[in-house]
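1. structure here, sequence nowhere to be found:
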């Protein structure tokens, strides 16, 4: 199906996610939609698939104007979307999931559905068992199920949002083969990705987005450097962080492998120095938060050791429980302030009490009031001691989180430390963090804002496609190098080693 | 400020943000009472005479007033106990079973030690045993919840049935009256094992005293201690509480233990203070009534006393409705249920935001 999006606008609050975006996909082609984090790719395809209502603009399907207001409208019109995390029902069987969402009477026709399921899955050489429950499937198998489910609903344009994240190489090959079959049948495929190599391997044509706008459109193959330039075609901010790095090592890893049941990422050997800031870049969900949670002691590593230096020498923290990490001076600030960092219904003073309890059974109101009042003044929080933190603005909640961090920390871990803050608050937050660095604290932070990464990091680790790069000194980092790495061309340990065959690699 | 609003999180939407709350609550109260009045009118009676009768039934004679007090004591205990579990975000529906096990444990002590030890000591021990029994029964639900990830709602309800089965088995089996086993319970204890009473009424100053002391302790714990604040933190946001380093497991189990202990004491007092024997209906549904009280006061322990008193008076006052007005005595349950629904509804409405 030919798809034309014309002059699409969409804003969320003050953020213009799509600005006058026009985009054409021809029937029978695989069209890549490329861009870095927050470029507006997901917003655009969600508008097309009915998950988000656009502010203005037109959608033409095979030349006819289409009213797409809900996902059901989109499917009815022949547009189906495969989400990054497939929308399925884990306790149910594959066949039950396959039958969900189809029109029909009050009764399910399981036999006909099973026949169709078998036919479709064999056509694409997917090896799915109809009676398996979703919970036991891998990510790649869940994608396969979702694809044939959408096809059975008569979808003629298939949208895939970052489909190659978290699936194996053979599943990726099967996926690409299936998509090529679909295109050959005259359907159109929109392939949303930030990975250059995938786009170059699969697509017939590519559209690049940056900061909510379309910045280029070209046929594949084309030179990689051209794509990188389009994706990151701007000067990165200049580093502003003063040199606070010390000689001593705060955190060391040995052969560290982190992950969860879906992803495992080799970090290898790493030494984080006192006063150093390490930025974690990459598409969200590529493993940065797993790394932070592992360093914080909330998750345990899959393999390797986590060593932490204390006044008494190095301590192996690999299997220690979370509260030992806290006692060792490791502080963690989660991204979702109201869900993980703070308790919305409790006041600033109550948070102070929870964080730094006075001795004894009873709360010392006078003392904690003084402490809370001091924190409010020192951190310039717009609120009172008895203001519930849920009533504070995002910036003030972040100030409160920072104020609650214990004074003397040797390692501070932060996830999106300035997300949702205005520039003034952002600058202020980093002043506080850098003053911690001056006293010898090391900082590891994840951010999807490349400018923030470049401005405040000493070294950067890039996460992409289930792998992590070696740490790269900020002085050696250029926009295109960073862009290529986020796009999947990582400089991992083995690669660096092969480029420096004569010497040991110092990380 | 130019900053973004905090992300929407319905589960945490604080109720105190809206000044319209008070109005919603008053409105809901008025509407619920109006519905009750309407219901009464449908049955042909006048709402005014029902109110007069309820009042008369509750406070008309000393005996009746004493019965209100006798209901109030265990109700205060259960409601206070439930404040701990509610604060920790738990719906301890197993409170009924915890009363029953408390009563069984107390009965076992009274039966086993009567005549062996001084009567006062035996009664005191029976109360301690009741507390321990309730605690253990509650911790069972707690362990299932904390380590087995089984909702305390389901385990609690299940354990209620087990406790109910156990009490029937004991009354009709090992502890049956000589010769006959009946629903009227075990053989009454010797009078020396009865709790001190106000005159010749049902009310016991000891039971009321224990209940009031534990209620005051609960209020103090919730307002002034680290324990109370931590419970609140875990109840409102377990993930954030964990990341702050608050030991959630310990706190949840303590909340279960405290609530079960309070309910167990209530069960023991029902045995030695009111029935003077073990009867199948030893809990008199006071656990469920306590849940209503705790839901209505919405975490503020200060309100437990007035609300529990009102509910006790309703329960006792409604007993004479069938005789005088030919109305079902379950009308009190209708009123209580309507009030709680209205309170929950007003809380729900205050969190409701028109979609943009």
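-> Looks like it arrived, so ask away. Just so it is clear, the model here is predicted, and its values are computed rather than measured.
2. how's chain A carved up into domains?
-> A:3-231, A:236-329+A:409-507, A:343-405 (automatic domain parsing).
3. distance between the host helix or strand of residue B:305 and the chain's centre?
-> Assigned by DSSP states H and E, residue B:305 belongs to helix B:304-317. Taking C-alpha atoms, centre = their mean, to the nearest Å, one finds the center of helix B:304-317 at 12 Å from the center of the full chain.
4. now whatever helix or strand comes next after that helix: buried residues?
-> Per DSSP H and E, the first helix or strand lying C-terminal to helix B:304-317 is helix B:321-325. By neighbour count on 16 or more other C-beta atoms under 10 Å in any protein chain shown, the buried set for helix B:321-325 is B:321, B:325. C-beta: built from backbone N, CA, C; applies to glycine.
5. also stretch B:220-230?
-> B:221, B:222, B:226, B:227, B:228, B:229, B:230.
6. and the residues you listed near chain A, which?
-> Contacts with chain A within the buried residues of stretch B:220-230, counted by C-beta under 8 Å from any C-beta of the partner chain: B:226, B:227, B:229, B:230.
7. show the average pLDDT along the helix holding residue B:305.
-> In this model, helix B:304-317 carries a mean pLDDT of 92.
8. check which helices and strands that helix sits against.
-> helix B:47-59, helix B:62-87, helix B:205-224, helix B:286-297, helix B:331-351 (3 or more C-beta pairs under 8 Å, 6 or more residues apart in numbering or on different chains; DSSP states H and E).
9. ok, is the longest one in contact with chain A or not?
-> No. Using C-beta under 8 Å from any C-beta, helix B:62-87 stays clear of chain A, with a minimum separation of 11.3 Å.
10. okay, the angle between that helix and helix B:205-224?
-> Using axes from the mean of the first three to the mean of the last three C-alpha atoms, to 10 degrees, one finds that helix B:62-87 and helix B:205-224 are set 30 degrees apart in direction.
11. so which elements touch helix B:62-87?
-> helix B:47-59, helix B:95-113, helix B:205-224, helix B:226-236, helix B:248-269, helix B:286-297, helix B:304-317.
12. thinking again about what came up before, what comes into contact with the helix holding residue B:305?
-> Outside helix B:304-317, the residues that touch it by C-beta atoms under 8 Å, 6 or more residues apart in numbering or on different chains are B:53-59, B:64, B:67-69, B:71-72, B:75-76, B:79-80, B:83, B:212, B:215, B:218, B:289-290, B:292-294, B:296-297, B:332, B:335-336.
13. in ChimeraX, select just the buried ones from those residues.
-> The following ChimeraX line selects those of the contacts of helix B:304-317 that are buried, judged by 16+ other C-beta under 10 Å:
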select /B:53,54,57,58,64,67,68,69,71,72,75,76,79,80,83,212,215,218,289,290,292,293,294,296,297,332,335,336
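14. need the ones next to chain A among the buried residues of stretch B:220-230 in TSV (columns: pLDDT).
-> What follows is those, written out as TSV (pLDDT from 0 to 100):
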residue	pLDDT
B:226	92
B:227	94
B:229	93
B:230	93
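15. now for those residues: which two are most distant?
-> Farthest pair in these (C-beta to C-beta) is B:227 and B:229. Separation: 7.4 Å.
16. where's residue A:414, which helix or strand?
-> strand A:411-415.
17. quick check: phi and psi on residue A:69?
-> phi -110, psi -30 (degrees, to the nearest 10).
18. quick one: pLDDT of it?
-> 88.
19. run through the residues that contact it.
-> So residue A:69 contacts A:50, A:53 (C-beta under 8 Å, 6+ apart).
20. follow-up on the earlier one: so which of the helices and strands packed on helix B:304-317 comes closest to residue A:179?
-> It is, among the helices and strands packed on helix B:304-317 and with distance given as C-beta to C-beta, helix B:331-351, at 44.6 Å.
21. by contact count, what packs against the closest one?
-> Right, helix B:331-351 is packed against helix B:20-42, helix B:286-297, helix B:304-317 by 3+ C-beta pairs under 8 Å, 6+ apart.
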